[in-house]
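1. sequence isn't available, so here's the structure alone:
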């Protein structure tokens, strides 16, 4: 892996969002402010959950950090989709994920012709300029 870049395959199971959050934490905790890392984990969890529930085949998580932005992508082998702007009723348990991504990210989108959804967060910490070269290990 190159500095500041995370790539990981995720299982198509209910553990995938947790594994994605943990991977982001292990890889970027030293480079992001706690609130930035929390937002990144929340949004990543939403995208991975959508891939598990609605996607097909393998799920891939990718993230890269540069001087001012964290970009996270979640891809699966599905044919893609077109997001229609709308809001699910507040009392509905599902259907709020992309609205959360829209509200909490600094930009997001869906790649044409495949199921690849991404978001970006502006990062303000000076540590972002020194992206990690290895994930932090937990004891």
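-> Here it is on my side, so go on. Remember, predicted model here, so these are calculated numbers, not experimental data.
2. quick check: closest non-adjacent residue to residue 70.
-> For residue 70, ignoring the flanking residues on the chain, the nearest one in space by Cβ to Cβ, 6 or more residues apart in numbering is residue 121 at 4.8 Å. Every C-beta, even on glycine, is put in place using the N, C-alpha and C of the backbone.
3. and what of residue 59?
-> Leaving aside its sequence neighbours, residue 59 sits nearest to residue 10 (Cβ to Cβ, 6+ apart; 4.3 Å).
4. could you measure from the residue nearest to residue 70 over to residue 12?
-> The gap separating residue 121 from residue 12 is 26 Å, by Cβ to Cβ, to the nearest Å.
5. neighbour count winner among the two?
-> residue 121 (22 against 15; other Cβ atoms under 10 Å).
6. where does residue 70 land in three-state SS?
-> Secondary structure, DSSP: H, G, I helix; E, B strand; the rest coil: residue 70 is strand.
7. can we start the residue count at 705 from this point?
-> Yes, from this point I'll number from 705; that puts the last item at residue 774.
8. do I have it right that it meets residue 744?
-> Yes: contact criterion Cβ atoms under 8 Å: residue 774 and residue 744 qualify, at 5.8 Å.
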